[in-house]
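J.: sequence plus the predicted model coming up.
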Amino acid sequence: MIIRHIKTTAALTLLFSVIGAQAATIIPEKSQLSRLCKDCAFVSAVHSETRQGKSSGVGVVGGAVVGGLIGNRVGGGTGKALLTLGGAAAGGYAGNEIEKNSNKHTVWVVRLVHKDGHAQTREFSNDPQLRAGDTVASRDGRLVRQ
């Protein structure tokens with residue numbers, strides 16, 4: 001009974017997190033687009049995404065050194081060289097993943113629909129404070145609500 005409750009709770013949590021992660025998308029009507037100014041656009045969707053950072057190589061090198069040292073200490077005889085190499089490889093991989101995860105960042109993705117109907121996606125490093133349904137104008141590379 002408890003296991004069934006845990007499974008149900010986990011399934012509901014997953015469902016609500018997926019529903020919550022979906023951004024509302026509004027498809028503008030032709031009449032809305034026709035009223036837009038030349039430099040204006042209709043915001044059809046806004047959502048944020050967490051992006052994995054890039055690796056500089058420091059994590060790989062540091063992880064390989066630490067992994068190789070650990071593998072060298074654990075191994076003995078002919079297995080020592082294999083464990084040193086295996087530790088270096090595993091440490092390099094782990095170090096790279098740790099570095100990428102520590103460099104995660106959030107971007108805000110804004111989908112715009114212009115007067116002529118073509119769509120454009122723009123990304124921002126800070127929350128642009130826009131919502132689906134807004135009308136915006138492009139001013140000096142920024143989107144300004146109209």
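T.: Noted; the coordinates are in hand.

J.: quick one: contacts for residue 145?
T.: 129, 130, 134, 135, 136 (CB atoms under 8 Å, 6 or more residues apart in numbering). All C-beta spots, glycine's among them, are computed from the backbone N, C-alpha and C.

J.: point me to the helix or strand that includes the closest residue to residue 143 other than its chain neighbours.
T.: Excluding the flanking residues, the one nearest residue 143 by CB to CB, 6 or more residues apart in numbering is residue 136, at 4.3 Å. Using DSSP states H and E, residue 136 sits within strand 135-139.

J.: with residue 110 instead?
T.: Element membership for residue 110 (DSSP H and E) is strand 105-114.

J.: wait, doesn't residue 88 sit right on residue 64?
T.: Yes. Contact criterion CB atoms under 8 Å: residue 88 and residue 64 qualify, at 4.5 Å.

J.: host element of residue 31?
T.: Using DSSP H and E, residue 31 sits in helix 30-34.

J.: quick one, domains of this protein?
T.: What automatic domain parsing lists as the domains of the chain is 24-52+105-145, 58-102.

J.: residues contacting residue 93?
T.: Listed by CB under 8 Å, 6+ apart, the contact set of residue 93 reads 60, 63.

J.: and the gap between it and residue 100?
T.: In this view, residue 93 and residue 100 are 11 Å apart by CB to CB, to the nearest Å.

J.: hang on, residue 54 packs against residue 103?
T.: Yes. Assessed by CB under 8 Å, residue 54 is found in contact with residue 103 at 6.5 Å.

J.: give me the more crowded residue out of the two.
T.: Comparing residue 54 with residue 103 by other CB atoms under 10 Å, the one with more neighbours is residue 103, at 14 against 9.
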